[in-house]
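>>> need a structure here:
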Amino acid sequence: MNNLRIILLVFAFNSPVFADLEQPIQLDAGQITGTSMESGVQAFLGIPFASPPVGDLRWREPQPVIPWAGVKVMDRKGPDCMQSRNTNLMSEDCLYLNVWTGAQSSADKLPVLVWIHGGGWRFKATYDGDAFADNGAILVSVNYRMNAFGWMAHPALSEESENGVSGNYGVLDHLAALEWVQNNIEQFGGDKDNVTIFGESAGGGSMYSLLATSKAEGLFHKVISESTWINPDNVSDLKSHNGFMESAEKMGSNAVASKFQELGIDGGNLLDEMRLLSADEVMQLRVPVSLIVDGWLYDKPPIQTFHEGSQIKVPIMSGYNNGEGLGYVSRQQNVPKTIAQQREKRAARLGDSGGELSELYVADNEENLVDVEIDFISDEMFVRASRELALAGVRANQDTFLYVFGRNAQDPENLAPHYAEVKYVFNKLENTFSKEDQDLAELMNSYWVQFARTGNPNGDGLPYWPEFDLESQTHQFLDINISQGTLDRKERLDAMDTYLRARYGLVQ
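Next comes the predicted model:
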């Protein structure tokens with residue numbers, strides 16, 4: 001038996017013995033029952049946390065759930081939100097969440113993890129949460145509006161809003177779900193004062209977003225951000241061009257005008273006609289998804305918030321995979337064939353002010369062109385922002401931990417691509433994976449639960465994980481063999497930070 005297996009068996013002695021919660025469970029909107037799994041975990045699926053955002057509620061803040069009489073059976077998930085990938089069931093009526101719990105009573109006070117899925121704010125990517133419940137925590141997974149439903153701004157929508165803003169509906173859905181947790185999670189044996197939010201990719205972008213708005217203060221107590229998806233292509237300003245993207249209102253206005261022209265709609269009753277579009281027609285609106293600096297939810301670009309240290313102060317665990325850009329490079333048709341082409345590509349992307357940064361992402365020989373391209377995509381899309389959260393946390397004296405995930409079970413000699421860590425975190429590996437991989441998944445799930453429990457991934461029987469600090473920037477390397485590293489990609493990431501802060505006009 002290997003050492004990692006022994007460690008996990010020691011940690012397993014702390015796992016709970018399950019007994020069913022007494023049902024029905026009383027929520028603030030009514031009573032529900034759930035379903036029991038073979039392991040003893042109870043699942044409550046498809047619970048509404050807001051009114052259906054349809055009809056007149058399309059492109060509005062989420063509204064409270066309408067109370068119901070009697071007992072609702074919650075044994076199947078609600079529909080996924082409208083998205084760019086076909087699912088078995090998706091609908092505009094989609095603001096539902098799921099709860100997995102192993103609590104024996106409502107007095108158990110178990111740590112709560114709230115999962116906000118990734119998928120580019122365009123589609124859903126997630127796993128069931130029973131492994132977290134098996135490990136002594138409560139897992140809540142939430143839906144949120146995506147695509148134009150969740151992220152489109154428009155001058156007419158801003159005008160009708162009492163706050164004078166539009167867009168960011170996906171973030172507002174996050175907030176509504178977290179308010180639901182505060183009001184109801186104790187009935188499932190959870191501790192409303194010990195809530196950890198976590199997400200990957202666009203879900204990591206949501207972590208970044210929630211840390212940067214004061215409207216989320218008090219709704220969570222710890223954050224885990226995996227492969228934070230925040231870059232110049234998904235942060236806009238409501239009213240003006242921000243140097244990277246056109247204003248959100250203009251992008252939304254152009255998208256709606258184009259669709260109306262295509263459909264022969266005159267737009268005389270603009271808002272009514274926008275809300276009369278079918279869900280499929282809204283999905284066809286050509287509008288980029290972006291976090292919007294609107295003067296209400298966000299009064300400044302989040303990069304400035306983290307630079308100033310004015311983010312919500314909670315323990316942070318952040319990290320990324322060591323080959324984030326692998327799949328993105330393989331999908332690109334314009335991978336440079338020469339060093340000159342790569343230099344031109346960097347200059348086109350970064351502009352006149354990116355000269356020093358550009359040179360860090362130009363290969364020194366043509367054999368390294370693809371590797372350098374992977375590095376640039378990885379760092380710009382996911383790694384830089386993941387480290388930014390860690391840097392902001394430690395500068396604000398928050399307990400902070402950084403990881404780098406390096407396991408590629410399909411190709412052990414290669415880097416770990418984007419999203420590869422998620423099935424390990426959820427301990428959902430198929431039986432075809434090796435025993436070493438299964439052990440790593442158990443370990444990572446235990447790290448995540450321990451961090452949710454205490455704000456620190458270290459616990460009895462778990463391999464030691466050092467805190468992140470400014471000098472050594474130590475990370476935990478998560479692979480079959482656990483190790484530590486320091487100053488990962490520091491020169492490149494420092495240069496990218498300097499470039500972005502200059503573009504945003506921030507003092508260095």
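>>> residue 496 touches residue 356, doesn't it?
No. If you go by CB atoms under 8 Å, residue 496 and residue 356 don't touch, sitting 10.4 Å apart. C-beta: built from backbone N, CA, C; applies to glycine.
>>> so between the two, which is more surrounded?
residue 496 (25 against 11; other CB atoms under 10 Å).
>>> which ones are touching that one?
357, 379-380, 384 (CB atoms under 8 Å, 6 or more residues apart in numbering).
>>> so where does it fall, helix or strand?
Here residue 496, judged by DSSP states H and E, is contained in helix 490-503.
>>> just the buried residues of that helix, please?
492-493, 495-497, 499-500, 503 (16 or more other CB atoms under 10 Å).
>>> check stretch 106-118 too.
Quick answer for stretch 106-118 (16+ other CB under 10 Å): 106, 108, 110-118.
>>> so residue 112 sits in a strand?
Yes. Assessed by DSSP: H, G, I helix; E, B strand; the rest coil, residue 112 belongs to a strand.
>>> pretty sure it is touching residue 138, no?
Yes. If you go by CB under 8 Å, residue 112 and residue 138 touch, sitting 4.7 Å apart.
>>> find residues that contact each of those two.
185, 190.
>>> picking up where we left off before, in TSV, list the buried residues of stretch 106-118 along with pLDDT and distance to residue 404.
Output for those, formatted as TSV (pLDDT from 0 to 100; distance: CB to CB, whole Å):
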residue	pLDDT	distance to residue 404
106	92	39
108	97	34
110	98	29
111	98	25
112	98	27
113	98	21
114	98	24
115	98	21
116	98	22
117	97	22
118	97	18
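>>> and the residues you listed, which is closest to residue 229?
residue 118 (7.0 Å; CB to CB).
>>> the closest one pairs with what?
Beta-bridge pairing for residue 118 (DSSP bridges): residue 125.
>>> what distance do you get for it to residue 141?
Remark: distance between residue 118 and residue 141 (CB to CB, to the nearest Å) = 12 Å.
>>> again, but for residue 298
Taking CB to CB, one finds residue 298 at 25 Å from residue 141.
>>> and what of residue 452?
For residue 452, the distance to residue 141 - CB to CB - is 14 Å.
>>> pretty sure residue 141 is in a strand, no?
Yes. Judged by three-state DSSP, residue 141 forms part of a strand.
>>> thought it was touching residue 129?
Yes. The pair residue 141 / residue 129 is scored as a contact, 5.8 Å apart, by CB under 8 Å.
>>> need the residues touching each of those two.
In contact with both residue 141 and residue 129: 98, 115, using CB under 8 Å, 6+ apart.
>>> neighbours of the residue nearest to residue 464 when sequence neighbours are not counted, how many?
If the residues on either side of it in the chain are set aside, residue 464 comes closest to residue 458, at 6.2 Å by CB to CB, 6 or more residues apart in numbering. For residue 458, the neighbour count with other CB under 10 Å is 15.
>>> could you list every residue that touches the residue nearest to residue 235 when sequence neighbours are not counted?
Spatially, and ignoring its direct neighbours in sequence, residue 235 is nearest to residue 291 (5.0 Å; CB to CB, 6+ apart). For residue 291, the contacting residues are 168, 171, 205, 209, 230, 234-236, 298, 302, by CB under 8 Å, 6+ apart.
>>> spatially speaking, which residue is in the middle of the protein?
residue 203 (1.1 Å; CA atoms, centre = their mean).
>>> I figured that one hits residue 114, correct?
No. Residue 203 lies out of contact with residue 114 (CB under 8 Å); the separation is 10.4 Å.
>>> which helices and strands does the longest helix along the chain pack with?
Counting residues, the longest helix found in the chain (DSSP state H) is helix 435-454. Applying 3 or more CB pairs under 8 Å, 6 or more residues apart in numbering; DSSP states H and E, one finds that helix 435-454 makes contact with helix 3-12, strand 110-116, helix 130-134, strand 190-200, strand 222-226, helix 422-425.
>>> of all those, which one comes closest to residue 156?
Nearest to residue 156, of these and by CB to CB, is strand 110-116 at 28.7 Å.
>>> Three-state assignment for residue 98, please.
strand.
>>> burial measure for the nearest residue to residue 479 once chain neighbours are set aside, as a count.
Nearest in space to residue 479, with sequence neighbours left out and distances taken as CB to CB, 6+ apart, is residue 406 at 4.3 Å. Neighbour count for residue 406, taken as other CB under 10 Å: 21.
>>> residue 406 reaches residue 322, doesn't it?
Yes. Counting by CB under 8 Å, residue 406 touches residue 322, with 4.7 Å between them.
>>> now do the shared contacts for those two.
415-416.
>>> picking that back up, now the longest helix of the chain against strand 190-200, angle please.
For helix 435-454 against strand 190-200, the angle by axes from the mean of the first three to the mean of the last three CA atoms, to 10 degrees is 130 degrees.
>>> buried ones in helix 435-454?
436-453.
>>> report the distance from the helix holding residue 496 to the chain centre.
Counting by CA atoms, centre = their mean, to the nearest Å, helix 490-503 is centred 23 Å from the centre of its parent chain.
>>> any idea how far the residue nearest to residue 235 is from residue 237?
In terms of CB to CB, residue 291 sits 10 Å off from residue 237.
>>> identify the residue nearest residue 290 in space, chain neighbours excluded?
residue 236 (4.2 Å).
>>> list the helices and strands the helix or strand in which the one you found is found packs on?
Using DSSP H and E, residue 236 falls within strand 235-237. Secondary-structure packing of strand 235-237 (3+ CB pairs under 8 Å, 6+ apart): helix 248-263, strand 291-293.
>>> how about those in JSON lines, adding mean pLDDT?
As requested, the helices and strands packed on strand 235-237 are exported to JSON lines (pLDDT from 0 to 100):
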{"stretch": "helix 248-263", "mean pLDDT": "98"}
{"stretch": "strand 291-293", "mean pLDDT": "98"}
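>>> comparing those, which comes out most buried?
Ranked by mean neighbour count under mean count of other CB atoms under 10 Å, the helices and strands packed on strand 235-237 are led by strand 291-293, which reaches a mean of 26.
>>> quick check: phi and psi on residue 67?
Phi and psi for residue 67, reported as degrees, to the nearest 10, are phi -60, psi 150.
>>> report pLDDT for it.
For residue 67, the pLDDT comes out at 97.
>>> re earlier: lowest average pLDDT across the helices and strands packed on helix 435-454?
helix 3-12 (a mean of 49).
>>> that older thread, of the helices and strands packed on strand 235-237, which is nearest residue 223?
With CB to CB as the yardstick, what comes closest out of the helices and strands packed on strand 235-237 is strand 291-293 (16.0 Å).
>>> how far out from the middle of the chain is the closest one?
16 Å.
>>> ok, then the element right after that strand?
According to DSSP H and E, the helix or strand after strand 291-293 is helix 302-308.
>>> ok, residues contacting the next helix-or-strand element following that next one?
In the C-terminal direction, the helix or strand that comes right after helix 302-308 (DSSP H and E) is strand 316-321. With contact meaning CB under 8 Å, 6+ apart, strand 316-321 is reached by 211, 222-228, 378, 382-383, 386-387, 389-390, 392-393, 398-406, 415-421, 448, 451, 457, 475-476, 478.
>>> go again using 7 Å as the cut-off
223-228, 382-383, 386, 389-390, 393, 398, 400-405, 416-418, 420-421, 451, 457 (CB atoms under 7 Å, 6 or more residues apart in numbering).
>>> kindly report the same for stretch 229-240.
153, 158, 165, 167, 201-202, 204-205, 208, 242, 244-245, 247-249, 289-295, 301-302, 380-382, 385.
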